[in-house]
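# the following comprises the amino acid sequence and a computationally predicted model.
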Amino acid sequence: MLKDYLQELEQHPTPFFAYDLKLLRQTLQQVKKEADKYNFQVHYALKANTNSPILTEMVAAGLGADCVSGNEIRRAIESGFSPDHVVFAGVGKSDAEINFALEQDIFCFNCESSHELAVLNELAAEKNTVARIALRINPNVNANTHKYITTGLEENKFGINSWELPDVLKQLQQLQHLRLIGIHFHIGSQITDLSAFRNLCTRVNEFQEWFLSHNVALEHINVGGGLGVDYYHPEEHPIPDFEAYFSLFNQFLELRPGQQVHFELGRALVAQCGSLISKVLYIKKGMTTNFAILDAGMTELIRPALYQSYHKIENMSSQLSEDKYDVVGPICESSDCFGKAVMLPETNRGDLIAIRTAGAYGEVMASQYNLRDKAQAVYLN
Ligand code: LLP
């Protein structure tokens, strides 16, 4: 429980991110246990959190790395991920990033367009090497999640659409510096309705058939990430249901002998271990509500402002009777609000406030708008 660490939390200048490494380790043990049942390979999607102590835990747990920039690849390798467990995804890889990844001889480039294939082939040719690639296919599956984090619909910029595949296969026959080893999918993030993944499996099976009918054998299928977490009940559900998640893929994916399945999980691994810890600066009476004004804002955690997303807010200091508060940050933007009409114990200046489930897409998306200082990270053991 986060409350168990209260004494330690009270010692640090706010705002800061607190990471519960014990919970992280338990989460990683669980994900490994469930994935190993089916020999599934899990890559950690670095974009969720790139802090070195977190990456060290991922390496120790034996995960691979899913990177979306040259700097993420560099950070992954420096943190101990072996390049042959690094994949490089992204719709807009720059030449410098591609060259760096080629020099590191990473496991696989997940390619998102015919134009990217041509450029990658050219750069690999210049280095007289062959790049292993997977085609990221847009499966047109609805993930039923927030529209900003839906990626697998034809209207989205991601992946190669199914009608382009015949031309892409023809193109690949000409590209001598690419070797097709897999196909890749990712339909979105914070997916809590597992039936979206079941629909993905059905589409993957259809694509597999299509590739086989064109005499292309694929060594691996990468089904992306996207497993959601329980933002409403971080204490009751600190670890996602990996058992149900992996067993669904085991049940519904039709694999060919020797084929590997890869996953790219970000949020499900790190969201619950992180909290944004802040102090109340002021209480202000509004027309209909009280404002609790914190020293943390959208510069530390932009998710509520950007996606209207819910994060549980806890007053760790007060045991008084409850009242309603709009919990806001200090930034000059009306969207700088962590929650409206939140029921909290009577809240006063100096109270310690925890904004939960902030381990994924929290610190990595922080900005220094208003020339704010960068919030520090504290690791709880
Ligand atoms: N693989 C690919 C190709 C991705 O685009 C993503 C996330 C992942 C894996 C990891 O997805 P996860 O398992 O974490 O859902 N900033 C947003 C989330 C953006 C996700 C982008 N792609 C948020 O705060 O909700």
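Sure thing, it's come through. Please read all numbers here as calculations on a predicted model, not as lab measurements.

# contacts, neighbours, all on C-alpha from now
Fine.

# residues contacting the residue nearest the centre of the chain?
In the chain, the centroid-proximal residue (Cα atoms, centre = their mean) is G266; its distance is 3.2 Å. By Cα atoms under 8 Å, 6 or more residues apart in numbering, the contact list for G266 reads 44-49, 225-226, 360.

# which residues of the stretch 101-250 of the chain lie near the ligand?
149, 186, 189-190, 224-227 (Cα under 6 Å from any ligand atom).

# which two in the residues you listed are spaced the farthest apart?
Spatial extent of these (Cα to Cα) is set by the pair I149 and G224 at 13.3 Å.

# not counting its neighbours along the chain, what's nearest K312?
R356 (5.3 Å; Cα to Cα, 6 or more residues apart in numbering).

# surely the one you found meets S309?
No. Applying Cα atoms under 8 Å, one finds R356 not in contact with S309, separated by 11.9 Å.

# which of these two has more residues huddled nearby?
Taking neighbours as other Cα atoms under 10 Å, R356 and S309 compare with R356 leading, 26 against 13.

# show the contacting residues for F249.
With Cα under 8 Å, 6+ apart, F249 has these contacts: 197-198, 201.

# for this protein, just list every one of the helices.
6-9, 21-36, 52-60, 70-78, 95-104, 114-126, 165-174, 195-213, 242-252, 267-270, 303-307 (DSSP state H).

# what's the angle between the second one and helix 52-60?
It refers to helix 21-36. 30 degrees (axes from the mean of the first three to the mean of the last three Cα atoms, to 10 degrees).

# mind listing what's buried in helix 21-36?
Within helix 21-36, the residues scored as buried using 16 or more other Cα atoms under 10 Å are 21, 23-25, 27-28, 30-32, 34-35.

# ok, so of the residues you listed, who is nearest the ligand?
V31 (12.6 Å; Cα to the nearest ligand atom).

# the closest one contacts F242, correct?
Yes. Between V31 and F242 there is a contact under Cα under 8 Å: 6.0 Å.

# if we can go back for a sec, now the residues of the stretch 101-250 of the chain next to the ligand in a markdown table, with pLDDT and neighbour count?
As requested, those are exported to a markdown table (pLDDT from 0 to 100; neighbours: other Cα atoms under 10 Å):
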| residue | pLDDT | neighbour count |
| --- | --- | --- |
| I149 | 63 | 16 |
| H186 | 95 | 25 |
| S189 | 95 | 25 |
| Q190 | 97 | 21 |
| G224 | 98 | 23 |
| G225 | 98 | 26 |
| G226 | 97 | 24 |
| L227 | 98 | 23 |
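
# closest one of the residues you listed to L117?
Nearest to L117 among these, with distances taken as Cα to Cα, is H186, at 18.8 Å.

# list the contacts of the residue nearest to that closest one when sequence neighbours are not counted.
Excluding its sequence neighbours, the residue lying closest to H186 (Cα to Cα, 6+ apart) is G224, at 4.4 Å. Counting by Cα under 8 Å, 6+ apart, G224 touches 184-187, 262-265.

# so how far is L178 from G224?
21 Å (Cα to Cα, to the nearest Å).

# what do you get for V68?
19 Å.

# so between those two, which is more surrounded?
The neighbour comparison of V68 against L178 (other Cα under 10 Å) goes to L178, with 23 against 20.

# could you list everything the more buried one pairs with in the sheet?
A131 (DSSP bridges).

# so it makes contact with A131?
Yes. Using Cα under 8 Å, L178 makes contact with A131 at a distance of 4.9 Å.

# can you list residues touching both of these two?
120-121, 124.

# tell me which of the helices of the chain sits most buried.
helix 267-270 (a mean of 28; mean count of other Cα atoms under 10 Å).

# for V86, list the residues it contacts.
With Cα under 8 Å, 6+ apart, V86 has these contacts: 43, 64-67, 73, 76, 106-108.

# from the ligand, how far off is the closest residue in space to it that isn't next to it in sequence?
Spatial nearest neighbour of V86, excluding adjacent residues (Cα to Cα, 6+ apart): A65 at 4.8 Å. Computed as Cα to the nearest ligand atom, to the nearest Å, the A65 to the ligand distance reads 10 Å.

# and V364, how many neighbours does it have?
Neighbour tally, V364, other Cα under 10 Å: 16.

# cool, and the one 4 residues further on?
The number of residues packed near Q368 is 12, by other Cα under 10 Å.

# N215 too?
9.

# check contacts around E57.
Counted by Cα under 8 Å, 6+ apart, E57 has contacts 24-25.

# go again with 10 Å.
21, 24-25, 28, 63, 79 (Cα atoms under 10 Å, 6 or more residues apart in numbering).

# among those residues, which one lies nearest to E164?
E164 lies nearest to L63 out of these, by Cα to Cα, at 32.5 Å.

# quick one: contacts for that closest one?
Per Cα under 10 Å, 6+ apart, neighbours of L63: 28, 31-32, 41-44, 55, 57, 81-82, 85-86, 264.

# what do you get if the cut-off is 7 Å, keeping everything else the same?
When contacts are counted by Cα atoms under 7 Å, 6 or more residues apart in numbering, L63 touches 42-44.

# can you pick the most crowded of these?
Y44 (27 neighbours).

# that residue pairs with what?
Under the criterion used (DSSP bridges), Y44 bridges to A65, L265.

# looks like it contacts G62 (just checking).
No. When contacts are counted by Cα atoms under 7 Å, Y44 is not listed as touching G62 (10.0 Å).

# care to break the chain down by domain?
22-271, 272-380 (automatic domain parsing).

# for those, give me a markdown table that also has distance to P15.
Shown next, in a markdown table, are the domains of the chain (distance: least, Cα to Cα, whole Å):
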| stretch | distance to P15 |
| --- | --- |
| domain 22-271 | 17 |
| domain 272-380 | 5 |
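
# what's the closest of these to M1?
Across these, closest to M1 is domain 22-271 (Cα to Cα), at 6.7 Å.

# could you find the closest non-adjacent residue to whichever residue of the stretch 51-200 of the chain sits closest to the ligand?
With Cα to the nearest ligand atom as the measure, S189 is the residue of the stretch 51-200 of the chain nearest to the ligand, at 3.5 Å. Nearest-residue entry for S189: G226, 3.9 Å, with adjacent residues in sequence omitted and distances by Cα to Cα, 6+ apart.
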